[in-house]
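In: Any chance you can model this:
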Amino acid sequence: MSEDYVLVEIVRKGQIATIELKRIERKLREKMGKGGSNRAAEVARALTELRSDNSVRVIVITGKEDVFTIPPSSYGHHGNPGGDMDIMNGVTRAVEAMCTIEKPVIAKVNGHAVGFGANLVLACDFIIAREDAIIADHHMSCGELVIDGEVRGSADHCMTTGDGGAVFAPLKMPMNMAKEYLMLARPFTAKELAAMGVVNYAVPAAELDAKTDEIANRLLKRNAYALAMTKRLLNKQMMAQFNLVHDAALGYEFLNFYMQTPQAKALGQGRGEDKL
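Out: Here you go, the predicted model:
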């Protein structure tokens, strides 16, 4: 019996389990309180559950409807110690779980992936995406990230990425592109990322299901032990990157929040806006 989830849903079909990310609508955000941060915690719990289920050999992560993940356009500042600790734990457990799970994880990017979801995509072993899907880290977007005519991500502040971008982007992208992705919050289409070798397959929407099923079924033909141990070897570098940068990245993001409160900005007398 799966645990109770609000923002994700686990669908099992034979030896393949799919984690479906629900859209964070306004009423759902109000119910959960923190929206995206709770999603990270639920993703971590889902991965832990599936990691322990020996009947599951391949995991697929996708979005419901036509969106992988789209965050709200603005966030409240931190300040509640209990809430802040919940956010830090949820994000850390999700990023760590992606680095340590032995089972192959496929990103089935059915629509735009922005914010935590984009970095979740980069953490997966195989990325199969709609060719027109946009993948972007919104933290430093400063209101410039416009997708389908709407501003997405951090419209009211500019923050260090603390939810996996600093771990996964430098491993999956050339360093100069990783810097553009994170420092300018540049959105890339799946087709562009496929040309860089970041996305395995960028396909028309009509072919997404078939390509994902093909890769999942090919993985199932491999010896389960050999597959798990091979992934452990390959993910040693990812785990090293997690240990090297994740705590600092998350800490810097929280520090950025406090440095950009109205009170902090008044005390700063312009520092941080147009000078160090």
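In: all strands in the chain, in order from the N-terminus.
Out: For the chain, applying DSSP state E gives strands covering 8-13, 16-21, 58-63, 67-69, 105-109, 112-114, 126-130, 134-136, 146-147, 150-151, 188-189, 201-203.
In: can you list those strands in JSON lines and add distance to Glu253, mean pLDDT and mean neighbour count?
Out: All C-beta spots, glycine's among them, are computed from the backbone N, C-alpha and C. As requested, the strands of the chain are arranged in JSON lines below (distance: least, Cβ to Cβ, whole Å; pLDDT from 0 to 100; neighbours: other Cβ atoms under 10 Å):
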{"stretch": "strand 8-13", "distance to Glu253": "23", "mean pLDDT": "96", "mean neighbour count": "15"}
{"stretch": "strand 16-21", "distance to Glu253": "21", "mean pLDDT": "98", "mean neighbour count": "21"}
{"stretch": "strand 58-63", "distance to Glu253": "23", "mean pLDDT": "98", "mean neighbour count": "23"}
{"stretch": "strand 67-69", "distance to Glu253": "18", "mean pLDDT": "93", "mean neighbour count": "23"}
{"stretch": "strand 105-109", "distance to Glu253": "23", "mean pLDDT": "98", "mean neighbour count": "26"}
{"stretch": "strand 112-114", "distance to Glu253": "16", "mean pLDDT": "95", "mean neighbour count": "26"}
{"stretch": "strand 126-130", "distance to Glu253": "24", "mean pLDDT": "98", "mean neighbour count": "25"}
{"stretch": "strand 134-136", "distance to Glu253": "17", "mean pLDDT": "97", "mean neighbour count": "24"}
{"stretch": "strand 146-147", "distance to Glu253": "22", "mean pLDDT": "90", "mean neighbour count": "14"}
{"stretch": "strand 150-151", "distance to Glu253": "20", "mean pLDDT": "85", "mean neighbour count": "12"}
{"stretch": "strand 188-189", "distance to Glu253": "22", "mean pLDDT": "98", "mean neighbour count": "20"}
{"stretch": "strand 201-203", "distance to Glu253": "30", "mean pLDDT": "98", "mean neighbour count": "20"}
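In: Which stretches in this protein count as helices?
Out: Per DSSP state H, the chain has helices spanning 26-32, 36-52, 81-100, 116-123, 165-172, 175-183, 190-195, 208-220, 224-234, 236-259, 262-268. These are given in chain order.
In: Would you mark the buried spots in the fifth one?
Out: Applying a neighbour-count criterion of 16 or more other Cβ atoms under 10 Å, one finds Gly165, Ala166, Val167, Phe168, Ala169, Pro170, Lys172 buried in helix 165-172.
In: my guess is the second one meets Val245, correct?
Out: Yes: under the criterion of Cβ atoms under 8 Å, Ala166 makes contact with Val245 at 5.0 Å.
In: helices and strands of this structure: which one has the lowest mean pLDDT?
Out: Every helix and strand of the chain was ranked by mean pLDDT, DSSP states H and E. The lowest is helix 26-32, at a mean of 52.
In: Let me have the strands of the chain in JSON lines, extended by distance to Ala46.
Out: Supplementary listing: the strands of the chain in JSON lines, determined by distance: least, Cβ to Cβ, whole Å:
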{"stretch": "strand 8-13", "distance to Ala46": "5"}
{"stretch": "strand 16-21", "distance to Ala46": "5"}
{"stretch": "strand 58-63", "distance to Ala46": "9"}
{"stretch": "strand 67-69", "distance to Ala46": "14"}
{"stretch": "strand 105-109", "distance to Ala46": "11"}
{"stretch": "strand 112-114", "distance to Ala46": "17"}
{"stretch": "strand 126-130", "distance to Ala46": "18"}
{"stretch": "strand 134-136", "distance to Ala46": "21"}
{"stretch": "strand 146-147", "distance to Ala46": "26"}
{"stretch": "strand 150-151", "distance to Ala46": "28"}
{"stretch": "strand 188-189", "distance to Ala46": "26"}
{"stretch": "strand 201-203", "distance to Ala46": "24"}
